[in-house]
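> sequence first, predicted model second:
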Amino acid sequence: MDALAQRLHDASLRPTRQRLLVLSALAAEPNDATAQGIHRRLHADGHPVGLATVYRALGALTERGVVDALAHRAGETCYRLCGDEHHHHLVCSECHRVVELPECELEPWVKRMSARHGFKAAEHRLEISGLCADCRA
C-alpha cells in the first residue's frame, strides 16, 4: 500500500482508506475494471465501500491523472492503473485486454493539425479498439 499512498501523495490527494482500497482493487486487475466491478471486488474482499464512494474516488483519481479512464465499453467507463509516462492503449473489444503503448509519434501530427486549425493542443489520448490475437484465433 505504500506505493499506492505515494501515488496519491504525488497527485496531491489525501490517501483515504477508500481511495487506497479502490487503487488496490485496480492494481489487482490485469486489464481494466468498471466502478461496479471494483465495488463487487471490494465487497467480496470484506470491504463494504458504497458504490457512490467508489465513483467519487475514481473521479478524483482520474481528474488527478492517477488512473486512466477508458471508453471502450458502450455507455460505461472503465478504469486502469497505468504508468506515469505518456502512453496510449490498445483495447480488445472481446476480452477487454488492455496493452499500454509507451511510444508516441503523434506529437508532430497533433501540432501540425492544431496549427492548421488555429488550435492550441494541451494534451492528447489515443485508445484503439479491436481484437487481440487470442480473440482472433
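Cool, the structure landed. Residues are numbered from 1 along each chain as shown.

> got the domain boundaries for the chain?
For the chain, automatic domain parsing gives the domain ranges 2-80, 88-136.

> quick one, helices of this structure?
Along the chain, counting by DSSP state H, helices occupy 2-10, 17-27, 35-44, 51-63, 107-116, 133-136.

> pick the most deeply packed of these.
When the helices of the chain are scored by mean count of other Cβ atoms under 10 Å, the highest mean neighbour count falls to helix 17-27 (a mean of 20). For every residue, glycine as well, the C-beta is placed using N, CA and C.

> got the contact list for that helix?
1, 4-5, 7-8, 13, 33, 38, 41-42, 45, 47, 49, 53-54, 57-58, 60-61, 66-67, 79-81 (Cβ atoms under 8 Å, 6 or more residues apart in numbering).

> tell me the average confidence for stretch 19-37?
Averaged across stretch 19-37, pLDDT comes to 92.

> just the terminal-to-terminal distance for it.
With Cα to Cα, to the nearest Å as the measure, the first residue of stretch 19-37 is 15 Å from its last.

> how far off centre is it?
On the basis of Cα atoms, centre = their mean, to the nearest Å, stretch 19-37 sits 9 Å off its chain's mean C-alpha point.

> also stretch 12-20?
The chain centroid and the centroid of stretch 12-20 are separated by 17 Å under Cα atoms, centre = their mean.

> again with stretch 101-121
Here stretch 101-121 is found 22 Å from its chain centre; the criterion is Cα atoms, centre = their mean.

> using PDB, write out every CA atom in that stretch.
Coordinates of each C-alpha in stretch 101-121 appear next as PDB, following Å, rounded to 0.1, in the frame of the first residue of the first chain:
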ATOM      1  CA  LEU A 101       1.700   1.700 -25.800                       C
ATOM      2  CA  PRO A 102       4.600   3.800 -24.500                       C
ATOM      3  CA  GLU A 103       5.800   5.100 -27.800                       C
ATOM      4  CA  CYS A 104       4.000   8.100 -29.200                       C
ATOM      5  CA  GLU A 105       4.800   9.500 -32.600                       C
ATOM      6  CA  LEU A 106       1.600  11.700 -32.800                       C
ATOM      7  CA  GLU A 107       3.100  14.900 -31.400                       C
ATOM      8  CA  PRO A 108       4.200  16.300 -34.800                       C
ATOM      9  CA  TRP A 109       0.900  15.500 -36.400                       C
ATOM     10  CA  VAL A 110      -1.000  17.000 -33.400                       C
ATOM     11  CA  LYS A 111       1.000  20.200 -33.600                       C
ATOM     12  CA  ARG A 112       0.500  20.400 -37.400                       C
ATOM     13  CA  MET A 113      -3.300  19.800 -37.200                       C
ATOM     14  CA  SER A 114      -3.700  22.200 -34.300                       C
ATOM     15  CA  ALA A 115      -1.800  25.000 -36.100                       C
ATOM     16  CA  ARG A 116      -3.700  24.400 -39.300                       C
ATOM     17  CA  HIS A 117      -7.000  25.000 -37.400                       C
ATOM     18  CA  GLY A 118      -5.800  27.800 -35.100                       C
ATOM     19  CA  PHE A 119      -5.900  25.500 -32.100                       C
ATOM     20  CA  LYS A 120      -3.500  25.200 -29.200                       C
ATOM     21  CA  ALA A 121      -3.500  21.500 -28.100                       C
END
